[in-house]
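1. coords below, sequence missing:
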Ligand SMILES: Nc1ncnc2c1ncn2[C@@H]1O[C@H](COP(=O)(O)OP(=O)(O)OP(=O)(O)O)[C@@H](O)[C@H]1O
């Protein structure tokens, strides 16, 4: 099913998340609300320790909320079983991390093709899509290079291609340009935006980089466990 304008790609409703701390609990999210619409790129900027990773983990179905609901498209996910949550993660979500986590023994193209094969796409189709994506990201001449033979920015672009290869409705990124020099970070960010726009995805991107955040559609932060919109 492709994303539609009529419903958010991601909707967090009154999400709570707490962790045990000594004899009590640390309430990190206390009823966080956030809707991200198809085609929208939202920056998550918040001071260290306020719950950015927690929010991304809950939104990415890596952790369950202790209260509230996480809708991916129209699907409420909080009480789904692990198998269903894994399927949503594979089909509807794409992840980009600060460190790309590419498979070192496989080529750039294989890194993008493998998740598609896992999803059940025929090999020829997966390879064609992988080639197209990597070419769009300026890596058409690097298809057969292994991650160790690519620069940091090139590796991160492969990670972006991998994240969007299965046409997710939502891209979640945690400091996707955090380990790159400013010039490369800028290029990688531009390609990330271009591919999000071209594929009409929604994206939630955690970053400390205020220049990058300023270029996204909207900025939100976490304050006292709630999502607050920034100007
Ligand atoms: N598994 C856990 N068990 C206990 N406490 C945790 C756990 N995960 C996170 N915390 C605590 O929850 C709070 C929020 O953590 P989180 O990692 O979400 O912060 P963050 O905003 O991503 O920080 P940073 O920008 O430094 O990565 C922190 O005080 C952290 O110590």
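-> Looks like it came in fine. If you're wondering where the values come from, they're calculated on a predicted model, not measured in any experiment. Residues are numbered from 1 along each chain as shown.
2. how about the helices in the protein?
-> 52-59, 82-92, 108-119, 123-136, 152-164, 182-199, 210-214 (DSSP state H).
3. tell me the centre residue of the protein?
-> Note on the chain: the residue nearest the mean C-alpha position is residue 172, at 1.6 Å, using C-alpha atoms, centre = their mean.
4. if you tally nearby residues, what's the number for the nearest residue to residue 25 once chain neighbours are set aside?
-> In space, and not counting its chain neighbours, residue 25 is closest to residue 18: 4.3 Å by C-beta to C-beta, 6 or more residues apart in numbering. The way it works is simple: take the backbone N, C-alpha and C, and place the C-beta from them, glycine included. Neighbours of residue 18 under the rule other C-beta atoms under 10 Å: 17.
5. and the end-to-end length of stretch 59-75?
-> Chord length of stretch 59-75, first to last residue, is 13 Å (C-alpha to C-alpha, to the nearest Å).
6. is the ligand within reach of that stretch?
-> No. Residues of stretch 59-75 contacting the ligand under C-beta under 6 Å from any ligand atom: none, with a closest distance of 8.3 Å.
7. ends of stretch 131-150, how far apart?
-> One end of stretch 131-150 sits 16 Å from the other (C-alpha to C-alpha).
8. contact partners of that stretch?
-> Contacts with stretch 131-150, where a contact means C-beta atoms under 8 Å, 6 or more residues apart in numbering, come from 100, 102-109, 111-112, 130, 154-155, 157-158, 160-161, 164-165, 191, 194-195, 198.
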